[in-house]
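Can you look at this prediction? I've put the sequence above it.
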Amino acid sequence: MQPIPSTKTLHTFKQFATAQGARIYRIPMQAFPNFWVYAYLVFVDGMTVLVDTGSGFGDSNQHLLEGFERVRACEGLDSVMDTLDYILITHGHIDHFGGLPFLLEKTDAKVGIHELDLRNLTNYEERIIITEQRLRAFLLEAGVDADRQEEIIRVYLLNKMLFRSVNVDFTYNAIDMKLGKFEFLHVPGHSAGHVVIRLHDYLFCGDHVLNGISPHQWPERLTLNMGLGHYLDSLEKLNAWADDDITLTLSGHSEPITKLGDRITQIKRIHAQRLERTLAILSKPGTVAEVSSQLFGDVSGYDILLSVEEAGAHVEYLYQRGLLGISNINEIEQGDSPLLYKRLNDPVAEQMRICC
Ligand SMILES: [Zn+2]
Ligand SMILES: [Zn+2]
């Protein structure tokens, strides 16, 4: 998830139809204060499918019910809840799956998610503890000062204590990445098990591609199969998979994307520029926290975590590829010190083309 400046008026209920006649309703929900997310309710070939659920926090469930009521009236149904067959989760972030405990009390719909995000739903409490440990180690290594570390962990735990584990009915690889006319493409990066879902000439892309903002990046140091390298590879994968027949790409937070290829190119360019800036900053030794404040300025609250993670993902990408080294390795050997990264100017590593 990530903050998107928004007002309620921007986030509206909307109806779409695919070229082959599937009906899609976009339901806006306030996932967290000033942070909106969309679920999509789809009617195709006698199947009723919900893509994502909102956060379950605050008014999110109520907004989902209001959306269902509008759809019920449009479709002339007795109840949406009773006709729901499947709930497909695009990825294991709470703003997309947090409504599941509420929904599963009211519907027998089968829940699906990709294998690599399964435990986010089924072993939630365990994952919080593991992620907290990894986050603490990362923040220490990144050179975030002690007070800010505690503030970040406090905010992280507040957000994450809002859910309890639920049962999932199937995973996408296990059904050969197909369900009826829905097809799934695994696009790791923003989360380990993120998928883009295709239905006819429409895509549901969750947070993999957004309009107006580049989707948030975490270092793979926190969770395997996340990280900028995986993310950029996944953008290429989507570019190849989504052919010219795609009319519209529906995302988790932004308005529909009409020219997906152009949007992918723009996002790649943003990361290329950010990587170049990171290299320039690290012509002198610096920590991830220092890179973060130079890239994103002085931020507060949850944005501290988001900006340090984003900077960490870019530093990690360059370090993995031999463009950065660690300049205080003797101190590191002695004990807990932040890592000081520095550009290596290695002619072999520099042959890598960052530019997209
Ligand atoms: Zn999201
Ligand atoms: Zn997300």
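In hand now; what should we look at? Residues are numbered from 1 along each chain as shown. Ligands and ions are numbered 1, 2, ... in the order given.

Measure how far the one helix or strand Leu185 maps to is from the centre of its chain, please.
Under the criterion of DSSP states H and E, Leu185 resides in strand 182-186. Relative to its parent chain, strand 182-186 has a centroid offset of 16 Å by CA atoms, centre = their mean, to the nearest Å.

What of stretch 231-239?
With CA atoms, centre = their mean, you get 14 Å for stretch 231-239.

Could you pull out the buried residues of it?
For stretch 231-239, a neighbour-count test (16 or more other CB atoms under 10 Å) marks 231-232, 234-235, 237-238 as buried. Any C-beta I mention is one placed from the backbone N, CA and C, and that applies to glycine too.

And for it, what's in contact with it?
Residues outside stretch 231-239 that contact it (CB atoms under 8 Å, 6 or more residues apart in numbering): 185-190, 194, 196, 205, 208-209, 215, 217, 260-261, 264, 267-268, 271, 356.

cool, stretch 61-79 as well?
Contacts of stretch 61-79 with the rest of the structure, by CB under 8 Å, 6+ apart, involve 13, 15, 23, 25, 27-30, 39, 41, 43, 53-54, 80-81, 83, 99, 102-103.

Next: stretch 163-175.
56, 94, 97-98, 100-101, 104, 110-115, 118, 121-125, 184, 186, 195.

same deal with stretch 111-130?
Stretch 111-130 is touched from outside by 86-89, 91-93, 97, 100, 104, 157, 160-161, 163-175, 179, 184, 186, 188, 191-195, 225, with contacts defined as CB under 8 Å, 6+ apart.

what's the span of stretch 245-262, first residue to last?
End-to-end distance of stretch 245-262 (CA to CA, to the nearest Å): 15 Å.

Buried residues in that stretch, which are they?
For stretch 245-262, using 16+ other CB under 10 Å, the buried residues are 246-247, 249-257, 260.

Can you give the contact residues for it?
Applying CB under 8 Å, 6+ apart, the external contacts of stretch 245-262 come out as 2, 4, 16, 18-19, 24, 26, 36-38, 40, 52, 90, 95-96, 198, 201-207, 209-213, 238-239, 242, 263.

And for stretch 308-321?
Counting by CB under 8 Å, 6+ apart, 138-139, 142, 144, 152, 216-222, 227-229, 271, 274-275, 278-279, 282, 288-289, 291-292, 295-296, 324-326, 341, 349, 352 sit against stretch 308-321.

go again using 6 Å as the cut-off
By CB atoms under 6 Å, 6 or more residues apart in numbering, the list of residues contacting stretch 308-321 from outside reads 142, 144, 217-219, 228-229, 274-275, 278, 288, 291-292, 295, 324, 341, 352.

In strands only, show me the contacts of stretch 245-262.
Those of those mapping onto strands are 16, 24, 26, 36-38, 40, 198, 202-206, per DSSP state E.

All set now, cheers.
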